[in-house]
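Colleague: Got a sequence here, can you model it:
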Amino acid sequence: MRERRLDLEELLAEERKSAEALRKERDPLMKKKKTVQINRKAAEDNLELVNREKQQKMNELDVVVPLRLNQIEFITNDSVPSDLSPALVLDQTELSRLQERIKQLHVEKSEQRDLYYKARQQHVRLIHDRKDMDANIQELEQQCDQLMMMKYGRLVDLEVLQTLSGNRRLEELKQEKLLREAAYAKEIKQWDAKVEDAHEALMEVTRCNTERLLTMTNLLNQKKELECKLNARQKKMGRQFLDYRRRLDQAEIRRLQELVKTQSQQAEALRKEICLLSRKGGHVLPPGYGPPPRLAPLPTPTDCTHAGKREPGRPSKQLKAQNSPSRQEAH
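Modeller: Numbering: from 1, shown residues only. Reported below is the predicted structural model:
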């Protein structure tokens, strides 16, 4: 027993040393924890203050909401008041939700009332049970006092009696408890080491994941920039194509306007010539009674350059050739 006691004292001294070392390590960690909690509390307070200020600023914004008269349900004395400032604007879905919530609250209120009645009945029943138990305890105490007077001749405190009398089994259980506590402390230390290793592995994995997330974020930003550049280039190319088509359309319109102007001048010159010949006594009918003169065919798009070089107002050679027989007949 003495050797066992010495071994236990040595184990106890080692455990005390380890506990003291752990306590020394715990104190700075607790200080750091308190500092971090204070900083976190301050940051949360600042964030809450910012959110409150933001919400206050948003609540101060004036929003114009157009309403119809059939949408207003704020009635006082069977009429809509002129001042609607104390009224509250709600959506129909929100109003229906609040009405459903009112019904739910009525149901919950009735359920709570039933629970209150049941709890009150149970409370009354427990009070009666406690009174019965108190009466039973008093009867048992009286019987115990009578038995102690019959056995010892006086009243004895049983708790003091149990502490004075030695119990070998109790001592053995205490020794076994100390041994088990030492084994449990050793096992806890091993598990703490395993937890520390797992924590370090978790930190390493978290660091790798953070690096990958940063890489993915950079790639996404580059992709977004490239998409913006590509969209801008496509818009620029589309704008250039539209400008080119617009210039082509404008050139075609100018060419057609010039052609129409040239043809109108040719037709006017032919009318004047016909009128002049009809006055001189020729057999040429006026423009309203005879077949219209043949005009030059419209130039094809390939001949637009040649038509552009022709002077406006000068008739073409084909028109002169067609009009020469009429002039000979007039003579």
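Colleague: Low-confidence regions, this structure specifically.
Modeller: Counting by pLDDT under 70, the chain contains low-confidence ranges at 69, 158-168, 280-331.
Colleague: Tell me how far the residue nearest the centre of the chain lies from L226.
Modeller: In the chain, the C-alpha nearest the mean C-alpha coordinate belongs to N51, at 17.0 Å (C-alpha atoms, centre = their mean). Using C-beta to C-beta, to the nearest Å, N51 is found at 37 Å from L226. (Glycine included, C-beta is placed from N, CA and C.)
Colleague: How about the secondary structure of D78?
Modeller: Classification of D78 using DSSP: H, G, I helix; E, B strand; the rest coil returns coil.
Colleague: Repeat that for L61.
Modeller: Classified using three-state DSSP, L61 is coil.
Colleague: neighbours around it, how many?
Modeller: 6 (other C-beta atoms under 10 Å).
Colleague: That one: what's it in contact with?
Modeller: Listed by C-beta atoms under 8 Å, 6 or more residues apart in numbering, the contact set of L61 is empty.
Colleague: Please report how far it lies from N39.
Modeller: Note on L61: its distance to N39, by C-beta to C-beta, is 33 Å.
Colleague: Check L29 too.
Modeller: Counting by C-beta to C-beta, the gap from L29 to N39 is 15 Å.
Colleague: list the helices and strands the lengthiest helix in the chain packs on?
Modeller: Using DSSP state H to assign secondary structure, the helix with the most residues in the chain is helix 168-279. The contact analysis (3 or more C-beta pairs under 8 Å, 6 or more residues apart in numbering; DSSP states H and E) places helix 168-279 against helix 2-59, helix 304-309, helix 317-330.
Colleague: what's the angle between the first one and helix 168-279?
Modeller: Orientation of helix 2-59 against helix 168-279 (axes from the mean of the first three to the mean of the last three C-alpha atoms, to 10 degrees) gives an angle of 30 degrees.
Colleague: now helix 2-59: how far from the chain's centre is it?
Modeller: Helix 2-59 sits 35 Å away from the centroid of its parent chain (C-alpha atoms, centre = their mean, to the nearest Å).
Colleague: For that helix, name the packing helices and strands.
Modeller: Judged by 3+ C-beta pairs under 8 Å, 6+ apart, helix 2-59 is in contact with helix 168-279.
Colleague: Show me how far the helix it packs on is from its chain's centre.
Modeller: Per C-alpha atoms, centre = their mean, the centroid offset for helix 168-279 relative to its chain is 18 Å.
Colleague: Ok, stretch 133-153 next?
Modeller: Using C-alpha atoms, centre = their mean, the offset of stretch 133-153 from its chain centre is 73 Å.
Colleague: can you start the count at 54 instead of 1 from here on
Modeller: Let's use 54 as the start, then, which means that last one is stretch 186-206.
Colleague: then that stretch to CSV, C-alphas only?
Modeller: Once non-C-alpha atoms are left out, stretch 186-206 reads as follows in CSV (Å, rounded to 0.1, in the frame of the first residue of the first chain):
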residue,chain,number,x,y,z
MET,A,186,-45.4,13.9,0.7
ASP,A,187,-44.7,16.3,3.6
ALA,A,188,-47.2,14.4,5.8
ASN,A,189,-45.6,11.1,4.8
ILE,A,190,-42.1,12.5,5.5
GLN,A,191,-43.2,13.6,9.0
GLU,A,192,-44.7,10.2,9.8
LEU,A,193,-41.4,8.5,8.6
GLU,A,194,-39.3,10.9,10.7
GLN,A,195,-41.4,10.1,13.8
GLN,A,196,-41.0,6.4,13.2
CYS,A,197,-37.2,6.9,12.7
ASP,A,198,-37.0,8.9,16.0
GLN,A,199,-38.9,6.1,17.8
LEU,A,200,-36.6,3.4,16.4
MET,A,201,-33.5,5.4,17.4
MET,A,202,-34.9,5.9,20.9
MET,A,203,-35.6,2.2,21.2
LYS,A,204,-32.1,1.2,19.9
TYR,A,205,-29.8,3.9,21.1
GLY,A,206,-31.8,5.5,23.9
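Colleague: Can you tell me the SS state at S135?
Modeller: coil.
Colleague: distance of it from I125?
Modeller: Counting by C-beta to C-beta, the gap from S135 to I125 is 12 Å.
Colleague: now do K110
Modeller: In this view, K110 and I125 are 28 Å apart by C-beta to C-beta.
Colleague: Pick out whichever of those two has more residues nearby.
Modeller: Using other C-beta under 10 Å as the criterion, K110 and I125 rank with I125 on top: 13 against 9.
Colleague: is it true that the more buried one touches L141?
Modeller: No - applying C-beta atoms under 8 Å, one finds I125 not in contact with L141, separated by 11.4 Å.
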